[in-house]
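In: for reference, the sequence and a predicted model appear below.
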Amino acid sequence: QVPLVESGGGLVQAGGSLSLSCAASGHTLSRYAMGWFRQAPGNEREFVAFISVSGRMTDYADFAKGRFTISRDNAKNTMSLQMKSLKPEDTAVYYCSAGTSITPRVRSTYNYWGQGTQVTVSS
């Protein structure tokens with residue numbers, strides 16, 4: 001098991017920005033490709049963004065393109081999601097995920113998940 005821990009969620013007004021982080025104490029995240037998913041009440045957990053082990057490859061859901069940026073710092077053992085121009089429909093619990101053999105947009109291919117961090121965007 002890789003205990004992923006998200007941080008950085010909170011309440012922000014529409015148009016604002018938030019930065020989420022993901023870390024794993026005692027485990028080397030540089031071994032894993034990683035991603036962010038989100039789940040709003042009543043909805044399925046959906047793909048947000050993906051980053052490869054090296055960080056050279058990324059992928060974004062259409063709603064995230066141009067507004068969200070995924071990055072990782074393998075030296076610091078962290079991964080981040082910077083979000084700007086937030087909208088009320090971005091309100092959800094955001095989950096960090098990791099795996100060794102991932103199809104980026106396919107939730108079931110990720111092996112490890114954090115507990116999630118709440119992001120609430122007010123109108």
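Out: Good, I have the coordinates.

In: what residues does the residue positioned nearest the centre of the chain make contact with?
Out: Note on the chain: the residue nearest the mean C-alpha position is Trp36, at 2.5 Å, using C-alpha atoms, centre = their mean. When contacts are counted by C-beta atoms under 8 Å, 6 or more residues apart in numbering, Trp36 touches 20, 22, 48-50, 70, 81, 94-97. To be clear about C-beta, it is placed using only N, CA and C from the backbone, and glycine gets the same treatment.

In: ignoring the adjacent residues along the chain, who's closest to Gln13?
Out: Nearest non-adjacent residue to Gln13, counting by C-beta to C-beta, 6 or more residues apart in numbering: Ser122, 5.4 Å away.

In: can I get the CA coordinates of stretch 92-101 in PDB?
Out: Extracted in PDB, the C-alpha atoms of stretch 92-101 (Å, rounded to 0.1, in the frame of the first residue of the first chain):
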ATOM      1  CA  ALA A  92     -16.000  18.100  -5.600                       C
ATOM      2  CA  VAL A  93     -13.800  15.900  -3.500                       C
ATOM      3  CA  TYR A  94     -10.500  15.700  -5.300                       C
ATOM      4  CA  TYR A  95      -8.500  12.400  -5.100                       C
ATOM      5  CA  CYS A  96      -4.800  11.800  -5.700                       C
ATOM      6  CA  SER A  97      -4.000   8.400  -7.300                       C
ATOM      7  CA  ALA A  98      -1.000   6.400  -8.400                       C
ATOM      8  CA  GLY A  99      -0.200   3.200 -10.200                       C
ATOM      9  CA  THR A 100       2.500   1.300 -12.000                       C
ATOM     10  CA  SER A 101       0.600   0.300 -15.200                       C
END
